[in-house]
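Q: sequence and predicted model, in that order:
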Amino acid sequence: MTFDGISLVTGAAGFMGSHMVECLVQKGIRVRATSRPRKDTSFFDRLGVEYVAADLTRPETLPALFRGPVDRIFHLGAICNFSTPYAKLHPTNVAGVKTLSGMALEKGVKCFVHVTSTSVYGRYRGRPFVEDDPREPCNDYGRSKKNGEDVIFQRVQEGLPAVIARPCAVYGPRCNDGAGKVFSRPSSIGAVPGNGRQRLSNIRAEDTAAALLHLSLQDEARGEAYNLAEDTYPTLEEALVLAAQTFGTRPPTLHLPLAVVRLAARLGGVFAGLAGKIPDLEYDATGFLYDDYIVDNTKLKKTGFTMQYPDFTESMRQMRTWYQTTL
């Protein structure tokens, strides 16, 4: 399928949304960026990108997003953390998906790429997650993403040409939310949770954006879900040490029992909440530290997609160069 109109990116002012905008601009694609109203639009101005403010929780603001020949949507607008309760997640992560996808169907959009999360799978079951695994989320964030997916699966039945993408922990330049932030900037985490041998799946933001663009071009991807993950699975200790080396902080050497980590995360969450912030280590995220968390990317790679950063260690070395040049 070919696209010669406008590609709309929701959540464009966020971490992943901004990378999606950059990816499309680099390919010479006409982009319309949207996020909640904001005063600073310099990022989009520098890229020569049209910015239209809108709010997924206010349907009356959305029609302006569809002016002109919008033929593709990359929907990244979402609340992405483990600390926000479901009641506050639902208006954006579920109801907002329903409203936007309904409008896309009505307008005849050629492709709707819906970005969700491997959190929909829930706890690790002893083998890498594949797309056909049961979706049994174990926290409010995962439940909101599953319910948002269900909206899209229903829209597919109604005729919307949609693709569902499930990134695991996304990290990279400008990361400020989600589990990947620990590997994207200096962190206050000074100890290794548990034995540190838990294996992780991650993916760079640049590869995530490139994968979303790639999937939008694959006719066979319509109606399908795809995991987005790197080829390597570093241990938690290896990843935290690499992050410390990357950002010039003290590598963690102390190992804390997971029960202590969960208690510290609970207390840290309380204080962060009072300050209106999201803690580096969120309480619900600690529930994933008892086991490996490996995501199978075979289905994505079978579409012919090739990653720029398939190896976590090499990626973090490149991140060190990026970080040093931004200081």
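A: Happy to help now that I have it. Numbering: from 1, shown residues only.
Q: list the buried residues in stretch 7-15.
A: By neighbour count, with 16 or more other Cβ atoms under 10 Å as the criterion, the buried positions of stretch 7-15 are 7, 8, 9, 10, 11, 12, 13, 14, 15. For the C-beta atoms, the positions are set from N, CA and C on the backbone; glycine is no exception.
Q: what is the nearest of the residues you listed to residue 256?
A: Using Cβ to Cβ, residue 15 comes nearest to residue 256 of these, at 27.8 Å.
Q: wait, the closest one touches residue 167, no?
A: No. The criterion here is Cβ atoms under 8 Å, and residue 15 misses it with residue 167 at 11.3 Å.
Q: give me the phi and psi angles of the nearest residue to residue 258 once chain neighbours are set aside.
A: Leaving aside its sequence neighbours, residue 258 sits nearest to residue 194 (Cβ to Cβ, 6 or more residues apart in numbering; 4.5 Å). Phi and psi for residue 194, reported as degrees, to the nearest 10, are phi 70, psi -150.
Q: ditto for the one 10 residues further on
A: According to degrees, to the nearest 10, the main-chain angles of residue 204 amount to phi -70, psi 150.
Q: that one: neighbouring residues, count only.
A: When neighbours are defined as other Cβ atoms under 10 Å, residue 204 has 27 of them.
Q: list the contacts of the residue nearest to it when sequence neighbours are not counted.
A: Excluding the flanking residues, the one nearest residue 204 by Cβ to Cβ, 6+ apart is residue 309, at 4.2 Å. Residues in contact with residue 309 (Cβ atoms under 8 Å, 6 or more residues apart in numbering) are 204, 206, 207, 230, 315, 318.
Q: now the two most distant members of those residues.
A: 230 and 318 (13.0 Å).
Q: compare these two (neighbour count), which wins?
A: More crowded of residue 230 and residue 318, by other Cβ under 10 Å: residue 230, with 23 against 16.
Q: could you say which helix or strand holds residue 226?
A: Per DSSP states H and E: residue 226 is located in strand 225-228.
Q: list the buried residues of that strand.
A: Buried residues in strand 225-228 (16+ other Cβ under 10 Å): 225, 226, 227, 228.
Q: same question for stretch 200-214.
A: 200-214.
Q: likewise for stretch 38-54?
A: 43, 44, 47, 49, 51, 52, 54.
Q: what's the end-to-end length of that stretch?
A: 10 Å (Cα to Cα, to the nearest Å).
Q: which outside residues touch that stretch?
A: By Cβ under 8 Å, 6+ apart, stretch 38-54 touches 12-13, 18, 21-22, 25, 31-37, 61-62, 64-65.
Q: sort out for me which of these are in strands.
A: Members of those lying in strands (criterion: DSSP state E): 31, 32, 33.
Q: tell me which of the residues you listed is nearest to residue 254?
A: Nearest to residue 254 out of the ones in strands among the contacts of stretch 38-54 is residue 33 (Cβ to Cβ; 43.1 Å).
Q: so how far is residue 229 from the residue lying closest to the closest one once chain neighbours are set aside?
A: Nearest residue to residue 33 in three dimensions, chain neighbours excluded: residue 12, at 3.5 Å (Cβ to Cβ, 6+ apart). Residue 12 is 24 Å from residue 229, where distance means Cβ to Cβ, to the nearest Å.
Q: now swap in residue 160 and tell me
A: Applying Cβ to Cβ, the value for residue 160 to residue 229 is 26 Å.
Q: between those two, which has more neighbouring residues?
A: Ranked by neighbour count (other Cβ under 10 Å), residue 160 and residue 229 place residue 229 first, with 31 against 23.
Q: mind listing what the closest residue to the more buried one other than its chain neighbours touches?
A: Using Cβ to Cβ, 6+ apart and skipping the chain neighbours, the partner closest in space to residue 229 is residue 295 (3.9 Å). Shown in contact with residue 295 (Cβ under 8 Å, 6+ apart): 118, 128, 129, 166, 168, 201, 227, 228, 229.
Q: and if you look at residue 121?
A: Neighbour list for residue 121: 129, 133, 134, 135, 136, 137, 142 [criterion: Cβ under 8 Å, 6+ apart].
Q: ok, residue 64 next?
A: Residues in contact with residue 64 (Cβ under 8 Å, 6+ apart) are 52, 54.
Q: apply 10 Å and report the result again.
A: Remark: with contacts taken as Cβ atoms under 10 Å, 6 or more residues apart in numbering, residue 64 is in contact with 32, 34, 52, 53, 54.
Q: got a pLDDT number for it?
A: Residue 64 carries a pLDDT value of 97.
Q: against residue 24, how distant is it?
A: Counting by Cβ to Cβ, the gap from residue 64 to residue 24 is 19 Å.
Q: and what of residue 55?
A: 22 Å.
Q: same deal with residue 199?
A: For residue 199, the distance to residue 24 - Cβ to Cβ - is 33 Å.
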